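1. the following block contains a protein sequence and its predicted model.
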Amino acid sequence: MNQNLFPLASNHPLRLADLLIRAAAIYSMAQDRTVYQAIAIRDEWIVAVSQDPHGLDGLISADTYVLDAPDLTLLPAFEDTHNHLIFAAQNMGLVPVDRAHTLAEFIDLIRQRAAQTPPGTWIQTSAAWHEVSLAEGRLPTAPELDEATPEHPVVVRRGGHVALTLGGITRDTPDPQGGTIMRFPDGTPTGVLIEAPAHAPVTELVPAMTLEQVVEGLRLVCREYNSYGIGTVRDPMVLRDQMLVYQALWEQGELTVRSRLMLAPLAATLAERMAIIEGFGVRSGFGDDLLKLWGLKFVLDGGAEGGALDEPYMNNPSYRGHLLWNPDDLLTLVNFAVRRGWKIGTHAIGDRAVRTLLDVYEQVIKENPGLKPGTLVLEHGFLANAEQRARAIQLGIPVTIQHPLLYTLGSVLLDGWGKERTREIMPVRAWLEEGAMLSAGTDHPVSSYNPLLSIWGMVTRGTLKAGIQGPEYAIDQYTTVQLYTVAGARLNNESHRRGTLEPHRLADLVAFRSNPITCPIDDLPSLRPAFTMVGGRALYDPEVMLGKPS
Ligand SMILES: [Zn+2]
């Protein structure tokens, strides 16, 4: 079909298109792989596409803005299906230590912040960093932080599990139950406090951000994501109070990244978790095109340093990681939730966790006939052999994959999981050839949110410090873009609204001067959009190519 017109509403007899773009290549990413050369947009919708650059000229009226851009490639805006947007919002405004490449740069960033901060005020770093990115490959110590500022208490957070702080704890403080105070050989604390029981005495003193501060952080992060072509994220860990942050920005009309939320019912006991789920008073699908509840999030095992493996860690023969759930409890809770209309995504990375999760999901599917495919999702699924992959595919369980985790944590994984297991992490090509429902994401802030770096990673299997891992699992550029667009919309059950550039779809698109599907592979990480549009709104348009700034 050369031309496809959206039926005109009878009350708009003269209003044809607000915007018409003629470009070198407009990838629909639809099943038939059609590439168009003209696209017409009215309000927030794509109303027509054509393979002929002048095929839509009949839609031009006096009010239509026409962009002739024979050098541009258009794709659907990227959809990151595992991106901790609210966590990124909370990091906004904190010391951006993820920019440091050495400990000296790290300390200097804290020193710069101290110079602008009244003495005695807490200084906090962003938690979005990992010491593997530093040349020294280790956490800073308390004496090193003292060099940055003797006049401010400093808290350096890293990830969700490890924190490094200065203050409060002396050589006489014993290790608390369930936590570790790291020490120099003479017994004085280095400042590294591992797990909540150890760091809570310090982190509880740090003043919380206000709602307004987090809302502003979210606004800034959304705009930053737009500048990288991101139109939608699925936020896989949202606490009940954080819903207020999303709602506040949505009310202001400034939630410029469509957000699909996964609520985390965190509590000590099963009964408390059930009460929290009951207390949400809503279920999956509540919301609108901008802000919508995807489902619930559970975490079955640890991260790169705690994933539940069948065989021991290479750097610790007595350690196989840990499962954070008794499988029977998880089964009870997933059953409870799906019967109340919730979809579930569960974090499982080690082979032991993936197998345990598939056992639970299989049982839930058995006990709930008629459960819709896509209700139960495997998040990450780092190690899944042919047998586990076949099970997931047969059970209709989608998998979200995040190459940037392998990119950033490759060297940590090599140390802990060893060569053989590391190269098998996220076998994307095998999953796809076998028929799995995959979608791509990043797990930012654990790793970079740049979709083009992630796409480069899936095409090369390249990493930051661990070379190429499992090159036989690499996929081509077109397929990576599919995983970042149409596949994300499918995971969110919104293929009828988004994910492709076709009539009747929301006008979410990103434009590039180089074609990300045909350009040299190593150009990908540094490609930046010419503009990004979400719902017909130009949200990133530094050259004002789309006429009207918004
Ligand atoms: Zn995550």
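-> Yes, it's here. Residues are numbered from 1 along each chain as shown.

2. so who does Lys465 touch?
-> Contact partners of Lys465, counting by CB atoms under 8 Å, 6 or more residues apart in numbering, are Val132, Gly410, Ser411. C-beta coordinates here come from the backbone N, C-alpha and C atoms, glycine included.

3. can you give me the buried ones in whichever strand or helix holds the second one?
-> In this case it means Gly410. Element membership of Gly410 [criterion: DSSP states H and E] is helix 403-423. Residues of helix 403-423 classed as buried by neighbour count (16 or more other CB atoms under 10 Å): 403-418, 421-423.

4. can you check stretch 373-383 too?
-> Of the residues in stretch 373-383, those buried (16+ other CB under 10 Å) are Thr375, Leu376, Val377, Leu378, Glu379, His380, Gly381, Phe382, Leu383.

5. adding pLDDT, distance to the ion and secondary structure, write those residues out as CSV.
-> What follows is the buried residues of stretch 373-383, written out as CSV (pLDDT from 0 to 100; distance: CB to the ion, whole Å; DSSP: H, G, I helix; E, B strand; the rest coil):
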residue, pLDDT, distance to the ion, secondary structure
Thr375, 98, 20, coil
Leu376, 98, 17, strand
Val377, 98, 12, strand
Leu378, 98, 13, strand
Glu379, 98, 7, strand
His380, 98, 8, strand
Gly381, 98, 12, coil
Phe382, 98, 12, coil
Leu383, 98, 17, coil
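
6. out of these, what pair is the most spread apart?
-> When the buried residues of stretch 373-383 are compared pair by pair using CB to CB, the two farthest from each other are Thr375 and Leu383, 23.3 Å apart.

7. what helices or strands is the helix holding Gly410 leaning on?
-> Packed against helix 403-423, as judged by 3 or more CB pairs under 8 Å, 6 or more residues apart in numbering; DSSP states H and E, are the following elements: helix 451-460.

8. what angle do the helix it packs on and helix 403-423 make?
-> Between the axes of helix 451-460 and helix 403-423, defined by axes from the mean of the first three to the mean of the last three CA atoms, to 10 degrees, the angle is 20 degrees.

9. picking that back up, whether the helix holding Gly410 contacts the ion - can you check?
-> No: Helix 403-423 does not reach the ion (CB under 5 Å from the ion); its nearest approach is 8.6 Å.

10. so what touches that helix?
-> With CB under 8 Å, 6+ apart as the contact definition, helix 403-423 has outside contacts at 130, 132-133, 137, 303-305, 307, 309, 313-316, 380, 382-383, 425-426, 428, 440, 442-444, 446-448, 453-454, 457-458, 461-467, 469-470.

11. smallest gap between the chain and the ion, at which residue?
-> As assessed by CB to the ion, the ion sits closest to Asp443 within the chain, at 4.4 Å.

12. what sits against that residue?
-> With contact taken as CB under 8 Å, 6+ apart, Asp443 is in contact with His82, Asn83, His84, His380, Gln402, Pro404, Leu405.

13. contact residues of the stretch 201-350 of the chain facing the ion?
-> When proximity is defined by CB under 5 Å from the ion, the stretch 201-350 of the chain lies next to the ion at Pro236.

14. and the helices in the stretch 201-350 of the chain?
-> In the stretch 201-350 of the chain, the helices defined using DSSP state H, counting those that start in this stretch lie at 211-226, 242-251, 270-280, 327-338.

15. now those helices in JSON lines, with mean neighbour count and distance to Leu20?
-> Written out in JSON lines, the entries for the helices of the stretch 201-350 of the chain read as follows (neighbours: other CB atoms under 10 Å; distance: least, CB to CB, whole Å):
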{"stretch": "helix 211-226", "mean neighbour count": "20", "distance to Leu20": "22"}
{"stretch": "helix 242-251", "mean neighbour count": "18", "distance to Leu20": "30"}
{"stretch": "helix 270-280", "mean neighbour count": "14", "distance to Leu20": "44"}
{"stretch": "helix 327-338", "mean neighbour count": "18", "distance to Leu20": "45"}
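
16. which one of these lies nearest to Ser514?
-> helix 211-226 (19.2 Å).

17. by how many degrees do the closest one and helix 242-251 diverge?
-> In terms of direction (the same axes, to 10 degrees), helix 211-226 departs from helix 242-251 by 70 degrees.

18. mind giving me the packing neighbours of helix 211-226?
-> Helices and strands touching helix 211-226, by 3+ CB pairs under 8 Å, 6+ apart, are helix 85-91, helix 242-251, strand 537-540.

19. okay, the ones you listed in a markdown table with distance to Ala148 next?
-> Formatted as a markdown table, the entries for those read as follows, by distance: least, CB to CB, whole Å:
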| stretch | distance to Ala148 |
| --- | --- |
| helix 85-91 | 19 |
| helix 242-251 | 30 |
| strand 537-540 | 34 |
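
20. rewinding a little: any chance of the helices of the stretch 201-350 of the chain in TSV, with mean pLDDT too?
-> Shown next, in TSV, are the helices of the stretch 201-350 of the chain (pLDDT from 0 to 100):
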stretch	mean pLDDT
helix 211-226	96
helix 242-251	97
helix 270-280	96
helix 327-338	98
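
21. quick one: closest of those to Lys297.
-> Distance to Lys297, taken as CB to CB, is lowest for helix 327-338 among the helices of the stretch 201-350 of the chain, at 10.7 Å.

22. quick one: residues contacting Val282.
-> Taking CB under 8 Å, 6+ apart as the test, what Val282 contacts is Leu293.

23. quick one, phi/psi of it?
-> As for Val282, its main-chain torsions (degrees, to the nearest 10) stand at phi -140, psi -180.

24. confidence score at it?
-> In the prediction, the pLDDT value recorded for Val282 is 95.

25. from Gly295, how far out is it?
-> Val282 sits 11 Å away from Gly295, taking CB to CB, to the nearest Å as the criterion.

26. I figured Leu291 hits Leu261, correct?
-> Yes: in terms of CB atoms under 8 Å, Leu291 counts as a neighbour of Leu261; the distance is 7.5 Å.

27. looking at those two, which one has more neighbours?
-> Of the pair Leu291 and Leu261, Leu261 is the one with more neighbours under other CB atoms under 10 Å, namely 26 against 19.

28. who does that one bridge with?
-> On the basis of DSSP bridges, Leu261 takes part in beta bridges with Asp235, Leu293.

29. quick one: contacts for it?
-> Arg234, Asp235, Val238, Met243, Tyr246, Gly287, Leu291, Lys292, Leu293, Trp294.

30. redo the residues you listed as TSV? Include distance to Ala198.
-> TSV is the format used below for these (distance: CB to CB, whole Å):
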residue	distance to Ala198
Arg234	32
Asp235	28
Val238	26
Met243	30
Tyr246	32
Gly287	38
Leu291	37
Lys292	38
Leu293	34
Trp294	33
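
31. without its sequence neighbours, what residue ends up closest to the residue sitting nearest the centre point of the chain?
-> The geometric centre of the chain, computed from its C-alpha atoms, lies nearest to Asn83 (CA atoms, centre = their mean), at 1.6 Å. Spatial nearest neighbour of Asn83, chain neighbours left out: Val233 (4.1 Å); criterion: CB to CB, 6 or more residues apart in numbering.

32. appreciated, that's everything.
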